[in-house]
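Colleague: this one's sequence-less:
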């Protein structure tokens, strides 16, 4: 059972380039989300999804797009990378559609992105 | 607005010392959930505990214990007889009003030396 799998683990981009961070889970979780972690800032929610075809913005959505065409996958797209998007990105999933009903978030191992 | 404050940015202790990590939260919801996560140097996030707002009973799991006090909006975490393997960043988190996200504190970095 792989859990939550993120790829790539490391990536270096130049300003203006685009890329997609992949996230896949094999636990049939309805809820999936993307967080970014910056020094001294904790984790902040970028986007989330409560099921296939349903996505919504979190606290810091600007510069990122998501889609949820299947239950398993929740890719995060950077349209035009900026140095401010240098961060560690975590994908997380959970049972059900609402966290109080589902308990813990299962996190991927993180993707470290550097934008030059 | 909901908020989680971990006032201690860094704590350093010597092995076998007890240490308490503070977490203070703000919410207007009557139903909410609080969490603690551990992030060791390897970077992954490890779930430690979930507590709902109606359950103020303290919890103990081995060397770990949690003290939840609604009256002071605090959910503190104590490690008894700390060990070097406890060195990590610890995050306290609170469910948002819609139940669609966790609101994290900024984390407390715990360093345990031998």
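Modeller: Happy to help now that I have it. If you're wondering where the values come from, they're calculated on a predicted model, not measured in any experiment. Numbering: from 1, shown residues only, chains lettered A, B, ... in the order given.

Colleague: only C-alpha atoms for contact and neighbour calcs from this point on.
Modeller: Will do.

Colleague: number of residues surrounding residue B:39?
Modeller: By other CA atoms under 10 Å in any protein chain shown, 18 other residues sit near residue B:39.

Colleague: show me the beta-bridge partners of it.
Modeller: Counting by DSSP bridges, residue B:39 forms beta bridges with residue B:89.

Colleague: how far off centre is the helix or strand hosting residue A:49?
Modeller: In the assignment (DSSP states H and E), residue A:49 maps to strand A:42-51. When distances are taken as CA atoms, centre = their mean, to the nearest Å, strand A:42-51 is centred 7 Å away from the chain's centroid.

Colleague: stretch B:94-111 now?
Modeller: That offset, for stretch B:94-111, works out to 9 Å (CA atoms, centre = their mean).

Colleague: over to stretch B:2-20?
Modeller: 9 Å.

Colleague: and that stretch, average pLDDT?
Modeller: For stretch B:2-20, mean pLDDT is 96.

Colleague: between the two ends of that stretch, how far is it?
Modeller: Stretch B:2-20 stretches 23 Å from its first residue to its last (CA to CA, to the nearest Å).

Colleague: cool, and stretch A:77-89?
Modeller: Terminal residues of stretch A:77-89 lie 12 Å apart, using CA to CA.

Colleague: which parts of that stretch are buried?
Modeller: Neighbour-count burial for stretch A:77-89 flags A:77, A:78, A:81, A:82, A:85, A:86, A:87, A:88, A:89 (criterion: 16 or more other CA atoms under 10 Å in any protein chain shown).

Colleague: tell me how far residue B:24 lies from residue B:4.
Modeller: 6 Å.

Colleague: any idea what the residue nearest to the spatial centre of chain A is bridged to?
Modeller: By CA atoms, centre = their mean, chain A has its centre lying nearest to residue A:34, at 2.6 Å. Residue A:34 has these beta-bridge partners by DSSP bridges: residue A:47, residue A:91.

Colleague: these two touch, right, it and residue A:48?
Modeller: Yes - between residue A:34 and residue A:48 there is a contact under CA atoms under 8 Å: 6.3 Å.

Colleague: ok so, going back, separation between the residue nearest to the centre of chain A and residue B:40?
Modeller: Distance from residue A:34 to residue B:40, by CA to CA: 20 Å.

Colleague: also residue B:94?
Modeller: Applying CA to CA, the value for residue B:94 to residue B:40 is 20 Å.

Colleague: quick one: which of the two has more around it?
Modeller: Each of residue B:94 and residue B:40 has its neighbours counted (other CA under 10 Å); residue B:94 has more, 25 against 17.

Colleague: what sits up against stretch B:84-98?
Modeller: Outside stretch B:84-98, the residues that touch it by CA atoms under 8 Å, 6 or more residues apart in numbering or on different chains are A:42, A:98-100, B:2-4, B:6, B:15, B:23, B:25, B:29, B:32-41, B:101-114.

Colleague: and if we set it to 7 Å?
Modeller: For stretch B:84-98, contacts defined as CA atoms under 7 Å, 6 or more residues apart in numbering or on different chains pick out B:2, B:4, B:15, B:23, B:29, B:32-41, B:101-114.
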